[in-house]
Each structure stands twice: as structure tokens, then as C-alpha cells.
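> the sequence and its predicted three-dimensional model are supplied below.
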Amino acid sequence: MKQKKILLAILVLVMLTALSGCKKNESAFTIGTWNENVFENTWLNMKFEIPKDWSLATDEEIAQLMDLGAEAIDLEGSGSDLLKKVAEIKNVYGFLAYSPDSTSNIQLVYENLALTLGGTKYTENDYIESVTNLMLNNSAIEYTVEDQSTVQIAGRDFELLRLSIYEGAYYQDFYCHKVDNYMVNIVASYLADNQEDMKDILSKITVFDK
């Protein structure tokens, strides 16, 4: 049942695994933590408020659905030990949250571009181009590009790629921003009828007030 509920979200995660591009300050990187229904990341200086009735996929669930090894989710600890673990993983997942009816979800993924040859030279535009090519060449689902632009989220410029599937019935928005050696990806997936609800969630991504 869980596999069916977040199938589209996991499809996005699998596709992002094939990409690369970023720079990084290892002493500052942190995955982030939950404070009730708000995900906070001091490295990004951003916080994400998720509706209280939404559910969170556990690290174990994401790893199981993607057939990842235990090393990809064993991220307990702090300091240099944690950074060493993170440095060996190409994609680190902040969170995957989904609505009660499972038709909408939002996820935060950090991609370590230092693990791909030439990856640290990627710009946000290079990255979006790679995502676009990968998605449009997907034979399982026919994607249509609806928008590609620059938007501001929590005071940062993110490159946006908006795709639709099923003749505009469903949307997937990719927002990416490069920080150090990581590409920070916010991916929102939702029914066309829920577009305003997703806009409201995205509008609540703000600067972290220390």
C-alpha cells in the first residue's frame, strides 16, 4: 500500500539519483531536523512548514522503495563522523511528506555533486537541463514542460522546472539551488485541482529564524 501511495514521488527520487552538480562546505552541511511539523535547516537558513495532517515517509521506507542499502540511511551521529557518512552518499534525503489522500507530496533532496566527475561545475541551469532531458526521455510517462523560470524561495534564487503528465491532470515542480558542493532540490507533486494548496505550502518555506 505504501509503495502505491508514493509511487510518483519515488519515481522522482530515482530519476534524481542519475543526476549531478554542486559545491560544498563540509563543516557547515547539515541534513536538518524536525520541530513538530516544521523542518529546519541551519545550513540552508531555511525552514519548511508541512501541514499537520500530512504524513512523513521514514528513511527506512524510502530506502526500501528505492532498494537502497542500509548505509544510505544510517545517518545517526554528529560532527566529523556524520559528515564522513554524508560525503560518501550521492543523494541525501531531508524528507518526503505526503497528503492524507496521497495525491500530493513534497520532498527535499540534497545531491552531492562532488561524487560525479565534473559535477561541481554544474550550474542550476545545467542541472535543470539534465532533469528536463531525463524526464522527457522517460518512456514510462509522457511529460510536458509547462514552465521554466527563476523564482525566489526564502530569499534564494531557485531554478524552476514545471512538468505536467496525464494531459495536465498532474504536475511535478522541480526547484533547484546550488549551495557549496550540493544541489538542493525541492520537488512538489500534485493534482491540478490541488495547485493552490501546493502554492500555499511552498509560500510557507521561509528563512530560518535563529
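Yep, it's here.

> now Y175: how far from N125?
Per CB to CB, to the nearest Å, Y175 is found 13 Å from N125. Glycine gets a C-beta too; all of them are placed from N, C-alpha and C.

> which one's more surrounded, these two?
Using other CB atoms under 10 Å, the more surrounded residue of Y175 and N125 is Y175, with 22 against 13.

> wait, that one touches M198, no?
No. The pair Y175 and M198 fails to qualify as a contact (CB atoms under 8 Å) at a distance of 11.8 Å.

> overlap in contacts, those two.
A188 (CB atoms under 8 Å, 6 or more residues apart in numbering).

> hey, which helix or strand in this structure has the poorest pLDDT?
Least confident helix or strand, the chain: helix 2-5 with a mean of 42, by mean pLDDT, DSSP states H and E.

> who touches the helix or strand where Q152 lies?
Using DSSP states H and E, Q152 sits in strand 144-153. By CB under 8 Å, 6+ apart, the list of residues contacting strand 144-153 from outside reads 46, 128, 132, 136, 157-165, 168, 171, 175, 177, 186, 202, 205.

> which of these count as buried?
46, 128, 132, 158-165, 171, 175, 177, 186, 202, 205 (16 or more other CB atoms under 10 Å).

> what residue ranges in the chain score low on pLDDT?
1-27, 63-89, 210 (pLDDT under 70).

> looking at it, which helix is longest?
Identified as the longest helix of the chain according to DSSP state H is helix 124-136.

> all strands of the chain, in order?
For the chain, the strands defined by DSSP state E occupy 33-35, 38-41, 46-49, 55-56, 91-98, 105-112, 144-153, 156-165, 170-179, 182-191, 205-207.
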